[in-house]
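>>> below are the sequence and a predicted model; questions follow.
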Amino acid sequence: MKKIIAMFLALTMVLCLAACGQKEPDGEQTNKYADYKVAMVSSTVGTDQFILQAKNQLDAMAKEYGFNESIIECMTTDDWEQKTRTACEQGYNLIVGVGWNAAAPFSTLQDEFPDVRFAVIDTIAANEKIKSMNFNTTDGCYVMGAMIATAFPDDTVFGYIGNFQQQSNFEYKYGFMEGVKSVKPDAKFVSAYADTYGDTSATYNKAVEVAAALGANGHFIMGSVANSANAGIYQYALDRIADGAEPIYTSGLSVDQTTPDNPYIVSGLTKNTAIPMKMIVEDFLEDGKVTGGATTLGVVQDAFCVVGVNFDANYRNTEIITDEALAAGRKAAEDLKSGKVVLPYVMEDDYKE
Amino acid sequence: MNKVKRLLSSLAYPLMAILTGLIIGAIIIMSTGKNPVSGIWGLLKGGYLTGFSLASTLTRATPIIFCGVSAALAWGSGYSSMGAQGQMIMGAITAAIVAPRLPGPDWLVVILTILCSMVAGALFSLCSAFVSAKFNAYLLIITLMFNYVANYFASYLTNYVFLDPYALDKLAIQTQKIEGSILPRILSKYTTHYGFVIALAVVILVNFLVKRTSFGYKARMGGLNPHFAEYGGIKSRKTMYMVLMISGAIAGLGGACEVLGTKFRYVDEMITSPGYSWSGITASLMSNYNMIGTLFSSIFLAGITVGGASIELTMNIPSEITQIIQGVISMLITAKIAIDWSKLNKRKESAE
């Protein structure tokens, strides 16, 4: 009984300190967007550039237009529906989900909350009332393939490491292969899947296997596991040099991972989530609604970018990414923009290398 | 009067743990510059005190109740099984595979799917019990390891065998959506589905099984002191298999309810990521393996998570605060169990 009394006393002390808490300042509603509430739902933001770009864009627009914004971070798969439902209940007008986890719960919630506007980035929601902004990864990979094939003029075999063998990864691989073949029609490819999104050691082991299969005929492995797990490939590239072996070069994912500390990362692929976020919010601010349906963004909109081609790399290994290689990449991008090159959508089972 | 006193005394420690958790939560809220009273009030209001929040809490509590009852049955019988997570995964993936493929009326498909999931959970639990008994290995370790097996197995099936062929987004690691053959909502306005009613029925049934049947007595005896049980004519190994199979079937049923009532498909990591089983084990520990207590503890734990999401939006307080509160509660409850266990061991040693 004494313990309980002690606990209640402690609680009372905490409550007495309540006055120390700050009162939220009352916001003045000075513009027509002041009543709008916009939420972004994503995985934990942290330092993930993929999410940060969208968040920073939303922050900037909230400041510019004066609407209310909230960032809802989901730590578990369950949070995506639970937290978004809470946001709907609390009167949010526009909810933007970043990542594939948003598609299914948002599709359900759109029917339950018809007055709330939903949009998703980097996925396509089954519910057509939702504005879906997806990325065309194939085109970007095509550009990188053309650049890499030019960067390695003597190579005949090129490597690829993905996370899982599924259609979404094939779209990367397919673009890369077509890009390489646009320069070297007889090129061969060695592929492997690390079966992970986060296990660096699994990726390292796959890099060892692919490098062995490339032999003396190839020196490039496209890293398409995840921006963190790709580290296994990067480390292997460094270890090979320490072991006195022929160098292997690779590419990064999601953010520009080129660095003078590891000159073997020569390019990369990035998704610029700021662009779809801007398009969604602008659409919403026009009349408080969003246009449903799917839109695909790619190299043409500078939304799916190749490091070095769409923007300057943090570090450029000029021995590999020569001016000629860069020019080949830029030409491939121009060909896609002008419609000179069109890559049809192909299912993995139907594709012949 | 004695009964009331006993009840109060058994509630004292869990209540103190909860209170300590809330106080620490309040201190952390205050350190973020927010009003701790408003924060805690918002947490409780957002978790329990409106129709929407209560319904959300009961929805989230449903899988936790199944895990909690599963753990309480095993642990209360002296078998330290941590396998509820794996068994729940097996139940969930089974439901996601079976439901869209079974022919027949929706109600029959739902019943058959639930039965299949229970069998999957029970068999998976039996496997870990068999390995533990056969190789004289710690059940706790074996069941923990089997959780990984179940998760990777389900992940493999979802990625490579049963990936949703109709998904517009090929990145989504999920099975085909189940249409029609689902557990409906109790009230169409709120998310709470009939899985919660099934959970309540399970609580009552298992409580009866444990307290009012000879099987319950044998289970407790077999688990607490196998030699004494054998001497008394109880086949302790058979009893262990039975207890763990029932425990696995309950967790498997929980997995089926989560798929049929909430997600309508299996999404990779859908059971491991929200930590249902850990919350369930915490709930069973908080209530000292009492089934009714586990029910209320599960609802409490679910409520502070739901409330956490609410204050994150309304007050901009990080929802991690709820994990800290849960962590403090778990830590204090486990500490008490560890101390009790150590005292019991010392007493045993001195008696010898």
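Looks like it arrived, so ask away. Predicted, not measured: the structure shown is a model, and the values here were computed from it.
>>> can you pull out the helices in the stretch 201-350 of chain B?
B:214-224, B:226-231, B:236-258, B:276-286, B:291-314, B:320-351 (DSSP state H, counting those that start in this stretch).
>>> residue contacts, residue 98?
With no chain named, the answer covers chain A. If you count contacts by C-beta atoms under 8 Å, 6 or more residues apart in numbering or on different chains, residue A:98 has them with A:40, A:41, A:42, A:43, A:50, A:51, A:54, A:120, A:121, A:122, A:273, A:277. Bear in mind the C-beta positions are built from the backbone N, C-alpha and C, glycine included.
>>> wrong one, chain B
Going by C-beta under 8 Å, 6+ apart, residue B:98 touches B:112, B:113, B:116, B:117.
>>> ignoring the adjacent residues along the chain, who's closest to the first one?
I take that to be residue B:112. In space, and not counting its chain neighbours, residue B:112 is closest to residue B:102: 5.8 Å by C-beta to C-beta, 6 or more residues apart in numbering or on different chains.
>>> list the contacts of the one you found.
Taking C-beta under 8 Å, 6+ apart, one finds B:109, B:112, B:113, B:181 in contact with residue B:102.
>>> so which of these are in strands?
Of these, none are assigned to strands by DSSP state E.
>>> mind picking the two most distant members of the residues you listed?
The distance between the two most remote of those (C-beta to C-beta) is 9.2 Å, for B:112 and B:181.
>>> neighbour count winner among these two?
The neighbour comparison of residue B:112 against residue B:181 (other C-beta atoms under 10 Å in any protein chain shown) goes to residue B:181, with 22 against 15.
>>> any stretches of the stretch 251-352 of chain B with poor pLDDT?
Where the stretch 251-352 of chain B drops to pLDDT under 70, the residues are B:344-345, B:347-352.
>>> contact residues of it facing chain A?
Within the stretch 251-352 of chain B, the residues that sit near chain A (C-beta under 8 Å from any C-beta of the partner chain) are B:262-263, B:265, B:267-270, B:273-275, B:306, B:309-310, B:312-316, B:319-320.
>>> repeat the analysis, applying 6 Å as the threshold.
B:267, B:269, B:270, B:273, B:274, B:309, B:310, B:313 (C-beta under 6 Å from any C-beta of the partner chain).
>>> in ChimeraX, how would I select just the buried ones from these?
To isolate the buried members of those in ChimeraX, using 16 or more other C-beta atoms under 10 Å in any protein chain shown:
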select /B:267,269,270,273,274,309,310,313
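>>> quick one: which of the residues of the stretch 251-352 of chain B next to chain A is nearest residue A:230?
The closest of these, once distances to residue A:230 are taken by C-beta to C-beta, is residue B:269, at 20.9 Å.
>>> for the closest one, which non-adjacent residue is spatially closest?
residue A:77 is the one closest to residue B:269 (C-beta to C-beta, 6+ apart), at 5.5 Å.
>>> again with residue A:95
Spatially, and ignoring its direct neighbours in sequence, residue A:95 is nearest to residue A:39 (4.9 Å; C-beta to C-beta, 6+ apart).
>>> now residue B:299. Nearest residue, chain neighbours left out?
residue B:61 (4.6 Å).
>>> could you point out which element follows the one helix or strand the one you found maps to?
Using DSSP states H and E, residue B:61 sits in helix B:51-76. Downstream of helix B:51-76, the next assigned helix or strand under DSSP H and E is helix B:84-98.
>>> got the angle for that next one vs helix B:276-286?
Put simply, helix B:84-98 runs at 140 degrees to helix B:276-286, going by axes from the mean of the first three to the mean of the last three C-alpha atoms, to 10 degrees.
>>> give the rounded mean pLDDT of helix B:84-98.
Mean pLDDT, helix B:84-98: 97.
>>> restricting to C-alpha, output it in PDB.
This file holds the C-alpha atoms of helix B:84-98, laid out as PDB (Å, rounded to 0.1, in the frame of the first residue of the first chain):
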ATOM      1  CA  ALA B  84       3.700 -17.300 -30.700                       C
ATOM      2  CA  GLN B  85       5.100 -15.100 -33.300                       C
ATOM      3  CA  GLY B  86       6.200 -18.000 -35.600                       C
ATOM      4  CA  GLN B  87       2.900 -19.800 -35.100                       C
ATOM      5  CA  MET B  88       0.900 -16.700 -35.800                       C
ATOM      6  CA  ILE B  89       2.900 -16.100 -39.000                       C
ATOM      7  CA  MET B  90       2.200 -19.700 -40.100                       C
ATOM      8  CA  GLY B  91      -1.500 -19.200 -39.400                       C
ATOM      9  CA  ALA B  92      -1.600 -15.900 -41.300                       C
ATOM     10  CA  ILE B  93       0.200 -17.100 -44.400                       C
ATOM     11  CA  THR B  94      -1.900 -20.200 -44.400                       C
ATOM     12  CA  ALA B  95      -5.100 -18.100 -44.300                       C
ATOM     13  CA  ALA B  96      -3.800 -15.800 -47.100                       C
ATOM     14  CA  ILE B  97      -3.000 -18.800 -49.300                       C
ATOM     15  CA  VAL B  98      -6.100 -20.900 -48.500                       C
END
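>>> starting at the chain centroid, how far to it?
Relative to the chain's own centre, helix B:84-98 is displaced by 13 Å; criterion: C-alpha atoms, centre = their mean, to the nearest Å.
>>> again, but for stretch A:330-339
22 Å.
>>> any buried residues in stretch B:105-114, and which?
B:109, B:110, B:113, B:114.
>>> could I get the residues you listed as a markdown table with pLDDT and distance to residue B:19?
Converted to a markdown table, the buried residues of stretch B:105-114 look like this (pLDDT from 0 to 100; distance: C-beta to C-beta, whole Å):
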| residue | pLDDT | distance to residue B:19 |
| --- | --- | --- |
| B:109 | 96 | 46 |
| B:110 | 97 | 41 |
| B:113 | 97 | 42 |
| B:114 | 97 | 38 |
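>>> sorry, back to before: which strands and helices lie in contact with the helix holding residue B:61?
Packed against helix B:51-76 by the contact rule (3 or more C-beta pairs under 6 Å, 6 or more residues apart in numbering or on different chains; DSSP states H and E) you find helix B:36-48, helix B:84-98, helix B:194-212, helix B:236-258, helix B:276-286, helix B:291-314.
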